[in-house]
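Enquirer: I need the structure of the sequence given here:
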Amino acid sequence: MHHLSRPSCPSRRHSACPRPGGPSPLQRLEESFLALATAAEPLTLPAHLVCEEPEQSVLPVDQVRTRLAHAGTSTVLHERVWREVVRRARQLGTPWDTVALGMTVPVLHRMLARLGRCDHLERAELEQEALAALTAALYSVDAEGSGVGWELFAAADRAVHRLAYAARRRALRETGLEETSASGLGQGGDPAASPDLALEAGSGEAKDEYTVLALAVRARVVTIAEARLIARTRLEGEPMQPLAEERGVSCRQLYRHRAAAEQHLAAYLRHQLRAG
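Expert: Modelled structure (predicted):
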């Protein structure tokens with residue numbers, strides 16, 4: 001029987017620095033997640049959360065994660081799953097806090113790969129920073145609002161960009177090259193100059209790509225489905241043809257749909273820049 005008190009902080013449980021050659025924070029989290037999914041009595045979620053017409057009443061959490069990552073899974077199902085997972089992490093604690101973090105592992109791997117090489121940081125540091133940000137976001141995100149998953153991933157993305165940027169600035173100060181490198185900050189993880197959307201929003205606070213999309217969804221400029229399409233194809237490099245096949249539309253139609261969404265996004269960002 002799961003207790004109803006606030007769970008112990010997963011970031012602490014995964015925070016110990018790995019031994020040289022040992023598993024990274026994400027690897028340890030994945031091992032814990034899969035152990036829960038493959039136990040004699042696996043941890044499960046209601047199948048209707050992620051299946052329109054489920055053939056069974058429950059699914060192990062790893063199967064839910066696999067279905068969640070499928071391009072054909074609708075936005076409505078994404079919302080159902082994330083709301084329930086966040087709710088359980090908050091109300092039931094262990095092991096649902098581990099499940100909530102474990103559900104993010106595939107996206108975190110893609111996010112960190114997109115960040116590129118950080119000469120002044122260990123990969124484990126970036127992973128731990130992302131997990132710490134996710135843990136905090138689990139207790140601050142509006143679990144009943146829209147875009148719960150987006151809010152979580154935006155928090156992690158902001159955290160790793162800030163860490164990478166701070167590390168680069170420290171290195172530049174140490175070598176006395178900070179001023180001469182100012183024009184090239186967009187190459188080294190500056191959250192104000194992310195590679196795909198080098199933009200600032202609203203108040204002038206630096207925003208990364210996922211945060212820009214999350215803000216646009218919150219402002220109802222684009223839908224969650226449109227934001228996911230932009231992120232998967234523009235930020236994560238997924239090809240359009242398989243996505244079009246999954247959605248049952250032509251590749252040309254999907255390109256047009258994305259172009260229309262990007263036009264709305266660009267107009268919104270221009271307005272934010274003028275307002276700022």
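
Enquirer: Okay, and the spatially closest residue to G102 that is not a sequence neighbour sits in which element?
Expert: Spatial nearest neighbour of G102, chain neighbours left out: F33 (2.9 Å); criterion: CB to CB, 6 or more residues apart in numbering. C-betas here are computed from N, CA, C, even on glycine. According to DSSP states H and E, F33 maps onto helix 25-37.

Enquirer: which helices and strands sit right next to that helix?
Expert: Under the contact definition 3 or more CB pairs under 8 Å, 6 or more residues apart in numbering; DSSP states H and E, helix 25-37 sits against helix 61-69, helix 96-102, helix 105-115, helix 123-138.

Enquirer: For the third one, which helices and strands make contact with it?
Expert: Applying 3+ CB pairs under 8 Å, 6+ apart, one finds that helix 105-115 makes contact with helix 25-37, helix 123-138, helix 148-175.

Enquirer: gap between the first one and the chain center?
Expert: On the basis of CA atoms, centre = their mean, to the nearest Å, the separation between the geometric centre of helix 25-37 and that of its chain is 17 Å.

Enquirer: Just give me the neighbour total for A39.
Expert: The number of residues packed near A39 is 11, by other CB atoms under 10 Å.

Enquirer: Assign it to helix, strand or coil.
Expert: What DSSP: H, G, I helix; E, B strand; the rest coil gives for A39 is coil.

Enquirer: Quick check: phi and psi at it.
Expert: Backbone geometry at A39, expressed as degrees, to the nearest 10, gives phi -70, psi 170.

Enquirer: list the buried ones in stretch 91-103?
Expert: By 16 or more other CB atoms under 10 Å, the buried positions in stretch 91-103 come out as 92-93, 95-103.

Enquirer: Show me the shaky parts of the stretch 151-276 of the chain.
Expert: Scanning the stretch 151-276 of the chain for pLDDT under 70 picks out 171-208, 276.

Enquirer: Quick one: residues contacting R83.
Expert: 143-144, 148 (CB atoms under 8 Å, 6 or more residues apart in numbering).

Enquirer: What score does it have for pLDDT?
Expert: On the pLDDT scale, R83 is placed at 96.

Enquirer: Can you tell me the SS state at it?
Expert: Per three-state DSSP, R83 ends up helix.

Enquirer: Also G237?
Expert: Classified using three-state DSSP, G237 is coil.

Enquirer: Relative to A137, how far out is it?
Expert: For G237, the distance to A137 equals 25 Å [CB to CB, to the nearest Å].

Enquirer: between these two, who's got more neighbours?
Expert: A137 (20 against 10).

Enquirer: just checking, the more buried one touches D157?
Expert: No: applying CB atoms under 8 Å, one finds A137 not in contact with D157, separated by 10.9 Å.

Enquirer: winner for burial among the helices and strands packed on helix 25-37?
Expert: For the helices and strands packed on helix 25-37, the largest average neighbour count (mean count of other CB atoms under 10 Å) is found in helix 96-102, namely a mean of 25.

Enquirer: residues touching the residue nearest to G102, list them.
Expert: Neighbours of F33 in contact, by CB under 8 Å, 6+ apart: 61-62, 98-99, 101-103, 105.

Enquirer: And the furthest pair within the residues you listed?
Expert: Within the contacts of F33, D62 and L101 form the most distant pair, 13.5 Å apart (CB to CB).

Enquirer: Among the contacts of F33, find me the one that's closest to A37.
Expert: For the contacts of F33, the residue nearest A37 by CB to CB is D62; the value is 3.7 Å.
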